[in-house]
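Colleague: Pasting the sequence and the predicted model now:
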Amino acid sequence: MLVFRCKILNVNLPSSFSLGTFVKHLPLPKPKTSFPPQTLNFKSLTTYVTRSSSYFETLSSSQKDQIHLYVDALLQWNQKMNLTAVKEVNDVMERHIEDSLAIIPPIQNSYIASGNNSFDNLRIVDVGSGAGLPGLVLAVACPGWEVTLVESMNKRCLFLEHAVSLTGLSNVRVVRERAEKLGQDSNFRERFDVAVARAVAEMKVLAEYCIPLVRVGGLFVAAKGHDPQEEVKSAERAIKLMGASILQLCAVESHSPHGQRTAIICLKNGSTPRKYPRDPGTPTKAPL
Ligand SMILES: C[S@@+](CC[C@H](N)C(=O)[O-])C[C@H]1O[C@@H](n2cnc3c(N)ncnc32)[C@H](O)[C@@H]1O
């Protein structure tokens, strides 16, 4: 067999070993990584949290009772005021309860991945909680979490207060105020480990509502639909201005009929500049 000497590797190689094959086998230079990436490639930020079964079924019987009490009250009050477009118990269970529960694993995973030790005693704020979604459901499923439900509409706050007393939850408080006001209030500003929001506003507006409430090192988690890439891309600047960066787009296979949903996870790296959030109404009128 004909051989030739490879000076680089200092070995004899068969002549059939072509230069192309040789180059292909050279170790690739390590890519330069920065975390989080400077130019966002959302595909590479996506992780999948697959749920083939219901999260609700994993709850204890007393937690299930609390959820049933809540759902009954929601449907009753919904006949008098507009709390949800969903009218049937099973639909509420699937569309609202499972959907809210589905963001728990991404919150837990990202909280630990971003350098925190434990997710047992989180201080959570749910901005634009409406009828208590996802905040009230999180409070039932995670009794160690302290949950603040922020809602600007008085009628919805009345329902929230009723639901909290009906379910006997002692880890929830209801705050009737606009998020922009709380973001400038020292009792709320940068006081929370995690801010969550679902179906409240587009991402760049949400960033200004939620990130000022999060402590440095905490997370902002937005529950969005199956294809939020464009919305997230146009919010990159607002997220950065608030002192945060996008950590992960977490594809969540919710048990709800909506199918795949996305939890957008942002990490707060530094304090939010004092001028944010701007006055109530400004984030929607003039999004960043
Ligand atoms: C469409 S509802 C969604 C409610 C709930 N998060 C859900 O998933 O069903 C949006 C809620 O956010 C509240 N909201 C909107 N902007 C707000 C703000 N700046 N501060 C506090 N609440 C706000 C509204 O009053 C409304 O109840």
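Modeller: Sure thing, it's come through.
Colleague: Look up how far residue 145 lies from residue 209.
Modeller: Noted for residue 209: a distance of 20 Å to residue 145, by Cβ to Cβ, to the nearest Å. (C-beta placed from N, C-alpha, C; glycine too.)
Colleague: quick one, which of the two is more surrounded?
Modeller: Of the pair residue 209 and residue 145, residue 209 is the one with more neighbours under other Cβ atoms under 10 Å, namely 26 against 22.
Colleague: ok, the host helix or strand of the more buried one near the ligand or not?
Modeller: Assigned by DSSP states H and E, residue 209 belongs to helix 203-210. Yes - residues of helix 203-210 contacting the ligand under Cβ under 6 Å from any ligand atom: residue 209.
Colleague: What pLDDT is listed against residue 42?
Modeller: Residue 42 carries a pLDDT value of 70.
Colleague: Next: residue 9.
Modeller: With respect to pLDDT, residue 9 has a value of 43.
Colleague: How about residue 252?
Modeller: Residue 252 is given a pLDDT of 86.
Colleague: Would you check how far apart it and the ligand are?
Modeller: For residue 252, the distance to the ligand equals 14 Å [Cβ to the nearest ligand atom, to the nearest Å].
Colleague: helix/strand/coil for that residue?
Modeller: Secondary structure for residue 252, judged by DSSP: H, G, I helix; E, B strand; the rest coil, is strand.
Colleague: could you list every residue that touches it?
Modeller: Residues near residue 252 by Cβ atoms under 8 Å, 6 or more residues apart in numbering: 49, 51, 102, 103, 105, 106, 260, 261, 262, 263.
Colleague: Output the longest helix belonging to the chain.
Modeller: Looking across the chain with DSSP state H, the single longest helix is helix 61-78.
Colleague: quick one on the thing from earlier: by contact count, what packs against the helix holding residue 209?
Modeller: Using 3 or more Cβ pairs under 8 Å, 6 or more residues apart in numbering; DSSP states H and E as the contact test, the elements touching helix 203-210 are strand 123-127, helix 179-183, strand 192-198, strand 214-224, helix 236-241, helix 282-285.
Colleague: Which positions in the fifth one come out as buried?
Modeller: Within helix 236-241, the residues scored as buried using 16 or more other Cβ atoms under 10 Å are 238, 239, 240, 241.
Colleague: separation between the closest residue in space to residue 270 that isn't next to it in sequence and residue 93?
Modeller: The spatially closest residue to residue 270, leaving aside those adjacent along the chain, is residue 243, at 4.3 Å (Cβ to Cβ, 6 or more residues apart in numbering). Between residue 243 and residue 93 the distance is 37 Å, computed by Cβ to Cβ.
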